[in-house]
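> Any chance you could fold what I've pasted below:
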Amino acid sequence: MEARLMETQVIEDLTPLHLISPPASQTDSSIALLWDKPPHSSEIACYRVYVNGKLHGLSRRTDYTMNGLEASQTYEAYVCAVLHSGEVSQPSDTIKVSTRPQADRFDITGFGAVADGQMINTEAIQAAIDACTFGGKVVVPKGTFVTGAIFLKSHMTLHIEQGGVLLGSDHPDDYPIMQYRWEGREQFCYASLINTQDPAEGRLKEITIEGEGKIDANGTALFHKEMAEKKGFRGRAVCLRNVDGVYLKDITVRQSPAWCVHLIYCNGVSVNHVEIHTKKDEQGRRYEHIFNGDGLNPDSTSDVYIFNSMIASQDDCIAIKSGYNEEGRRVGIPSQNIRITGCTFKSGFGIATGSEMAGGVRNVRISDCRFEDVYSIATIKAPRGRGAVIENVTVEDCTLTNYSLEHEDCRWFRGAINIDQYYSHAAFDADKIEEVDEGTSVIRNIHLKNIVLDTHAGSAVFMAGLPESPLQNITLENVNALGKYGLKAYNIKGLVMKNVTVTSREDQDVQFHNAEYTEV
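Numbers count the residues shown, from 1 in each chain. Next up, the predicted model:
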């Protein structure tokens, strides 16, 4: 009897937790689900997803998208965990979620768009967008449609069908100069390929970009011409601003002249099964002469769910930002409540917070992600002058393998796990105390758990706080790290290391300087 009771308790402990359909992740034919892993999740082989009481499908991640649904219908869903032993857990809580109404379709070819790869279709595509009814769908069919900047509106979907391509014009005149946030400050920029305009009153609502087609910003050509003209800072592939309810689903976005997907002052964002290529195309051909090619940047944006996606970046794969110095503090809109799960990153610098973070960043969770030839799993960068607080960041169940030697330790990146308040400084004095003022940043409550990493490029772990503002409450648990260099830690109060192994190929495994630490 006692053995049976213990077995029952284990099964209950393996019940999936906190099942939700994340913000905006419902279309007229699909609903996305997310849940949290239970304790002892290493015993789980996969998850069963039930819809209206019937088994709908399996997932090895903590997300699942129900496709092929009927419009304007309510569905009940719950999830069970399947153990390696074959036993099945108790079901999660059941949630009810509705699909959107059937969308009216507005095919851009009906407005004069031509898929010849040459004609500029900006007016035709914009006409389709302007004509789109509430909840309607602007459709880009198969073929390559060249366009300049287009502007989406509330309560619409841009659907790019498989084989369809929106290709950015290579003429800067096709991208009007606008005021957008660039590197943390409101500045004049070339419009992006896909944009929003700030409404006269209120905010935009419910914008979806979906489909198995491609958005190609033609960044290599635009980069040179925009840099030569210098009427503004470079545009992006997609730049959405002041939107409540953003859904990016199944789309491929590539070759931006700068950051690829930029979300400014948005709330309620879901990114599901999206590919972003800013360094090379899908065949591995390098995009020449592009820099600052971040993949996806939530900027003063809240309630963000990024899952089941792949980013191959020239720079940061994901960069969480909230403004630069005085202006960022004055605007004071944080990035918060961000969950990144079940994603793969294949080049660039991993997931970064900062360095423009003067509005604050909090409640970030990164889990079950793979980093392949990526320099870092997690970078948190907040140099002097920014101010504000980065707090409550959790990174767990992630792996990194980096054999690329294209980048090595420098002022911009110093470790595969990288918490750096001397970001951008080639040399620093870790003992030089400066006055604490509104520009003094705070980094606290950072937890890394169940991390395996092997990097040939630089330090396995680099953590450096300021002597006047040490890093606070940093936890490394079940971390197994191998690097060209080992662990370096400066100016930390409350570093806890539990079951941590760091090995250096070329220097000391562990180096501490003014770091208060406990090994458990």
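> Could you check the pLDDT of Ile11?
pLDDT, Ile11: 62.
> same question, Ala200
Note for Ala200: predicted pLDDT of 88.
> Assumed it was part of a helix.
No. Counting by DSSP: H, G, I helix; E, B strand; the rest coil, Ala200 is not part of a helix but coil.
> Near it, how many other residues are there?
5 (other Cβ atoms under 10 Å). In this view, the C-beta of every residue, glycine as well, is placed from N, C-alpha and C.
> partners of the helix or strand hosting His56, with directions?
Taking DSSP states H and E as the definition, His56 sits inside strand 54-59. Paired with strand 54-59 in the same sheet, following DSSP bridges, are strand 44-51 (antiparallel).
> what comes up buried for the strand it pairs with?
44, 47-51 (16 or more other Cβ atoms under 10 Å).
> Nearest to Ala481 among the residues you listed?
Ile44 (25.2 Å; Cβ to Cβ).
> related to what we said a few turns ago, list just the nearest of the buried residues of strand 44-51 to Ile443.
Nearest to Ile443 among those, with distances taken as Cβ to Cβ, is Ile44, at 33.0 Å.
> is the closest one in a bridge, and if so with what?
Under the criterion used here (DSSP bridges), Ile44 is bridged to Leu83.
> now swap in the one 4 residues further on and tell me
For Arg48, the beta-bridge partners are Leu58, Cys80 (DSSP bridges).
> contacting residues around it?
By Cβ atoms under 8 Å, 6 or more residues apart in numbering, the contact list for Arg48 reads 55, 57-58, 79-82, 88.
> now that we have the residues you listed, which one has the most neighbours?
Within the contacts of Arg48, Ala81 tops the neighbour count with 26 neighbours, counted by other Cβ under 10 Å.
> Identify the residue nearest that one in space, chain neighbours excluded?
Ser89 (4.0 Å; Cβ to Cβ, 6 or more residues apart in numbering).
> can you tell me which residues contact the one you found?
By Cβ under 8 Å, 6+ apart, the residues touching Ser89 are 11-12, 14-16, 38, 80-83.
> Go again with 6 Å.
11, 14-15, 80-81 (Cβ atoms under 6 Å, 6 or more residues apart in numbering).
> what pLDDT does it get?
Value for Ser89, per-residue pLDDT: 96.
> Next, give phi and psi for it.
The phi and psi values for Ser89, taken as degrees, to the nearest 10, are phi -70, psi 170.
> which intervals of this protein have sub-threshold pLDDT?
1-12 (pLDDT under 70).
> give the contact list for the most centrally placed residue in it.
Geometric centre of the chain, nearest residue: Ile318, 4.3 Å, by Cα atoms, centre = their mean. By Cβ under 6 Å, 6+ apart, the contact list for Ile318 reads 296, 351.
> hmm, who's touching the strand ranked longest in the chain?
Ranked by number of residues, the top strand in the chain under DSSP state E is strand 485-504. The set of residues external to strand 485-504 that reach it, using Cβ under 6 Å, 6+ apart, is 430, 459-465, 467, 470-482, 507-520.
> Cross those residues against helices and list the overlap.
Within these, no residue falls in helices by DSSP state H.
> Give me the buried subset of the residues you listed.
The neighbour-count test (16+ other Cβ under 10 Å) marks 459-465, 470-477, 479-482, 509-510, 515 as buried among the contacts of strand 485-504.
> on that earlier part again, any idea which of the buried residues of strand 44-51 is closest to Tyr324?
Using Cβ to Cβ, the buried residues of strand 44-51 come closest to Tyr324 at Tyr47, 41.5 Å.
> Next one: the closest one from Leu14, what distance?
Counting by Cβ to Cβ, to the nearest Å, the gap from Tyr47 to Leu14 is 10 Å.
> any shared contact partners between those two?
Any residue near both Tyr47 and Leu14 by Cβ under 6 Å, 6+ apart counts here, and that gives Ala81.
> Do I have it right that Asn337 meets Val304?
No. Between Asn337 and Val304 there is no contact under Cβ atoms under 6 Å: 7.0 Å.
> Comparing the two, which residue is more hemmed in?
Each of Asn337 and Val304 has its neighbours counted (other Cβ under 10 Å); Val304 has more, 26 against 17.
> Show the contacting residues for the more buried one.
Val304 makes contacts with 269, 298, 338, as judged by Cβ under 6 Å, 6+ apart.
> In the beta-sheet assignment, what are the partners of it?
Val269, Ile338.
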